[in-house]
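Colleague: need a structure here:
(one chain, ligands or ions: 5)
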Amino acid sequence: MEQMEAAGIAGDSVATVVPKDAQVLKPTRNTAIKCLKCDKVYIFPGDRDDCLAHLYLEHRLVIADVDEIAVLEDYLQYWEKEFQAHEFEQYCTTMFLDQLPDGSYAKNEKYFLLCDILPQDFELRQRLQEQRLNAALERHQFELTDRSFSKECLFCRTVVKGLRADYLDHLFDKHFLLVGKPEKLVFVDELLDQLEENINKLLCLYCEKIFKDRPTLKEHMRKKGHKRINPNRREYDKFFLVNYNRAKQAPAQRKQQQRAKRRSLAEDNVSVDFDKHFARQDSDGDHDSDWSDWAADGEPHSIKCLYCPLEEAQFSVLKKHMIDVHHLDFDAVTSSLNFYQKIKVVNFIRRQICLLRCICCDLQFDEFALLSDHMQQETHCSIGQRSNWDKPEFFFPYVDNDGLLCVLDDSVADGDLDADVVRIISEDSSAQINKDAEQLSLENFKL
Ligand SMILES: [Zn+2]
Ligand SMILES: [Zn+2]
Ligand SMILES: [Zn+2]
Ligand SMILES: [Zn+2]
Ligand SMILES: [Zn+2]
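Modeller: Residues are numbered from 1 along each chain as shown. Ligands and ions are numbered 1, 2, ... in the order given. Have a look, this model is predicted:
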């Protein structure tokens, strides 16, 4: 129990004794992580981004959904051992791009994606997630029974002592603020610190709009009924136990086999898998019939809308649909983007929709219908912020057989993409886009 208490105050302190598993949620200790391919060493968590950038720039390796990995340090250490004896090709999806990592032109450059379509990777991610779940449960158990808690109320001067539940009750009884039921929350201390910080910054706890002073903020929260936190906000994910238990939305084994079959037929064409797109949400296989009529040659027959399940044979028709129904003019919003940037946009949107997250604000939903309503109502059918999609992992198709990727280059009229435009938009490099050479291919999917 002593250890657990130490972890309880870890919110502000740096060097505390933390139970072994809890490190995974709140890495307070620096861990040296060796590069998966060379001898470079990075100190996590501080060097995390440098390490990922190095893997991409030096070794052309991209880790899919890296932000979702429960214990990235352990994940990297696992793969570092594997890659001592094996080449990237043996585990990764490979793809050829006609550009160097810095964006400059080069023919047929090979890139690697490490992702959970590989069963071994999927299992590793699952295992790490379980590890994190167990740590959260342990912490949760402690928080429910620990009576040494003490904190001044966010709103009045009262110091609440005893259980964390007493504090949450006080917030609700005296100030009508609903944070959550104690039995559903974890890392309550950190959550409360975060709420306190937001209130001090005059941010509404629910919509996070900023107000000019405290009375105006209070009035807003009262009037709008914003006296609760928004559990759909991803920043709050770690405070709700349910998120630790969320079944990993990954292809079931059977689906993987189907995909593998199709992929081997598809050769090196960019391809779409609508199965994965919606089937990820459940694994009962109800959607099998959705694509049973796919041609064996792997050539997509239709192009799926970015925001709804509609499929059209012609891109022009689909673009009109997106304008009419989703108020998104695809050509207009991507007019300043080059071919590879459009690829990233499409793959990013596919991923968000598949994970049931809003493209624009990243809110998480439980059902596609709710996400869809939200995006329509808030006009969030956009392409999202560049910082969200401009990542190397989105070079790789998120769904197989994505017909939209196949028509992207066709969508640009010849005159639209002159060299000047390209040079302006590729800020960080002197990228040269060779229109003829733009070719995206998948090969060698190891399953
Ligand atoms: Zn390296
Ligand atoms: Zn109070
Ligand atoms: Zn608000
Ligand atoms: Zn649509
Ligand atoms: Zn949104």
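
Colleague: any chance you could map the helices in the stretch 301-447 of the chain?
Modeller: If DSSP state H, counting those that start in this stretch is used as the criterion, the helices of the stretch 301-447 of the chain fall at 315-326, 330-333, 339-354, 368-377, 386-389, 403-407, 419-425.

Colleague: quick one: closest of these to Arg157.
Modeller: Smallest distance to Arg157 across the helices of the stretch 301-447 of the chain (C-beta to C-beta): 38.8 Å, for helix 368-377. Backbone N, C-alpha and C define where each C-beta goes, glycine included.

Colleague: so stretch 206-223, near ligand 3 or not?
Modeller: Yes. Counting by C-beta under 5 Å from the ion, ligand 3 is contacted by stretch 206-223 at Tyr206, Cys207.

Colleague: right, is that stretch up against ligand 5?
Modeller: No. With C-beta under 5 Å from the ion as the criterion, ligand 5 is not reached by stretch 206-223; the gap is at least 12.0 Å.

Colleague: circling back to that earlier point, possible to save the helices of the stretch 301-447 of the chain as a markdown table with mean neighbour count and distance to ligand 4?
Modeller: Shown next, in a markdown table, are those (neighbours: other C-beta atoms under 10 Å; distance: least, C-beta to the ion, whole Å):
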| stretch | mean neighbour count | distance to ligand 4 |
| --- | --- | --- |
| helix 315-326 | 16 | 5 |
| helix 330-333 | 15 | 11 |
| helix 339-354 | 22 | 10 |
| helix 368-377 | 15 | 9 |
| helix 386-389 | 15 | 19 |
| helix 403-407 | 21 | 12 |
| helix 419-425 | 13 | 27 |
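
Colleague: could the ones you listed be laid out in TSV, adding distance to ligand 3?
Modeller: Putting those into TSV (distance: least, C-beta to the ion, whole Å) gives the following:
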stretch	distance to ligand 3
helix 315-326	26
helix 330-333	28
helix 339-354	24
helix 368-377	16
helix 386-389	23
helix 403-407	36
helix 419-425	36
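
Colleague: nearest to ligand 2, of these?
Modeller: For ligand 2, the closest of these is helix 368-377, at 32.9 Å, according to C-beta to the ion.

Colleague: near ligand 5, which residues of the chain show up?
Modeller: Close to ligand 5, as judged by C-beta under 5 Å from the ion, the chain has residues Cys358, Cys360, Cys361, His380.

Colleague: most neighbours among those residues, which one is it?
Modeller: Taking other C-beta atoms under 10 Å as the neighbour criterion, Cys358 ranks highest of the residues of the chain next to ligand 5 with 22 neighbours.

Colleague: hang on, the earlier thing: lowest-confidence stretch among the helices of the stretch 301-447 of the chain?
Modeller: Looking at the helices of the stretch 301-447 of the chain, the lowest mean pLDDT belongs to helix 419-425 (a mean of 31).

Colleague: show me the strands in this protein, by range?
Modeller: 31-34, 41-44, 61-63, 93-99, 105-114, 149-152, 159-162, 303-304, 311-312, 441-443 (DSSP state E).

Colleague: got the contact list for Ala313?
Modeller: Shown in contact with Ala313 (C-beta atoms under 8 Å, 6 or more residues apart in numbering): His301, Ser302, Ile303.

Colleague: appreciated, that's everything.
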